[in-house]
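*Asks:* here's my sequence, what's the structure:
(2 chains)
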Amino acid sequence: MTTSIATKEELKARIEAGIPGASAEVHGDDGHHFEAVVVSPAFAGLSRIAQHRLVYDVFEGELGGRIHALALQTKAE
Amino acid sequence: MSDETQNPLRDAIDDAIASNPVILFMKGTPEQPMCGFSARTAGALQALEAPFAAVDVLPDPRIREELSALSNWPTIPQLFVNGELVGGCDIVTEMYESGELAQLLGVEQPDEAPQPASAEAQPAPLSIENRLG
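*Replies:* Sure, this is the predicted structure:
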């Protein structure tokens, strides 16, 4: 699993499973670089840093490696 | 690391963050960035004409390992202002475009940058001591 190429579908599913109430829109087709817009009520009241950390935590150890880059935009609403 | 309490590299990174009001850890240098995300982040600081220190993490992979361990942030670049992690490329770019970065750094937003989306213009959450002169 961790050796396979990452897909936007996988990232979307993992973000939505990992963060309560999250809906994610993920782009990126090269297997390494992705962009995600994540909306979750769990972000309410958190700083941007804390919001992004919640998403990064879903992919612990994989960012910078298997997933080279994940450009993020997070929103609470 | 094992039980080793002495970690000179971690101490050096700590010192660098503590002694530079604005410091960017990046791949390459502001003049010659080696990654698009590092380039964009350094570019935002340069566009604001904000003085900043820059550390190239590429010469030794341990710099990146130690930095991420102490900041709890997985990716490069990382911008610190007054000892606090501000964020990476996404957050810095967003803050540049909204005018928050200029506010945080105590500099003027240049005319060519988009105007802040007024409604959220609140005081920066950090207490800023402008030591940049």
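
*Asks:* quick check: which element contains the closest residue to chain A within chain B?
*Replies:* In chain B, the residue that lies nearest chain A is B:Pro74 (4.3 Å; CB to the nearest CB). Bear in mind the C-beta positions are built from the backbone N, C-alpha and C, glycine included. B:Pro74 is part of no helix or strand, with elements assigned from DSSP states H and E.

*Asks:* shouldn't it be in contact with A:Val58?
*Replies:* No. B:Pro74 is beyond contact range of A:Val58, at 11.2 Å (criterion: CB atoms under 8 Å).

*Asks:* the more surrounded of these two?
*Replies:* B:Pro74 (22 against 19; other CB atoms under 10 Å in any protein chain shown).

*Asks:* per-residue pLDDT, the more buried one?
*Replies:* Note for B:Pro74: predicted pLDDT of 91.

*Asks:* how about it: what's its closest non-neighbour residue?
*Replies:* Nearest in space to B:Pro74, with sequence neighbours left out and distances taken as CB to CB, 6 or more residues apart in numbering or on different chains, is A:Leu63 at 4.3 Å.

*Asks:* for the one you found, name its beta-bridge partners.
*Replies:* A:Ile67 (DSSP bridges).

*Asks:* now do it, the pLDDT please.
*Replies:* Confidence for A:Leu63, expressed as pLDDT, is 88.

*Asks:* was I right about it contacting A:Asp57?
*Replies:* No. A:Leu63 lies out of contact with A:Asp57 (CB under 8 Å); the separation is 10.0 Å.

*Asks:* ok, those two, which is more surrounded?
*Replies:* Neighbours per residue (other CB under 10 Å) separate A:Leu63 from A:Asp57, with A:Leu63 holding more: 19 against 13.

*Asks:* who in chain B is up against chain A?
*Replies:* B:37, B:72-76, B:85-91, B:94-95, B:125 (CB under 8 Å from any CB of the partner chain).

*Asks:* kindly recompute the last result at 6 Å.
*Replies:* Residues of chain B lying near chain A by CB under 6 Å from any CB of the partner chain: B:Pro74, B:Thr75, B:Gly87, B:Asp90, B:Ile91.

*Asks:* please, which helix or strand holds B:Gln109?
*Replies:* When elements are assigned from DSSP H and E, B:Gln109 belongs to no helix and no strand.

*Asks:* can you show me the helices along the chain?
*Replies:* No chain was given, so I picked chain A. A:8-18, A:48-58 (DSSP state H).

*Asks:* actually, chain B is the one I wanted.
*Replies:* B:8-19, B:36-47, B:61-71, B:89-98, B:100-105.

*Asks:* chain center to the shortest one: distance?
*Replies:* If I follow you right, that is helix B:100-105. 12 Å (CA atoms, centre = their mean, to the nearest Å).

*Asks:* and it, what's its mean pLDDT?
*Replies:* 96.

*Asks:* which parts of that helix are buried?
*Replies:* B:Glu100, B:Leu101, B:Ala102, B:Gln103, B:Leu104, B:Leu105 (16 or more other CB atoms under 10 Å in any protein chain shown).
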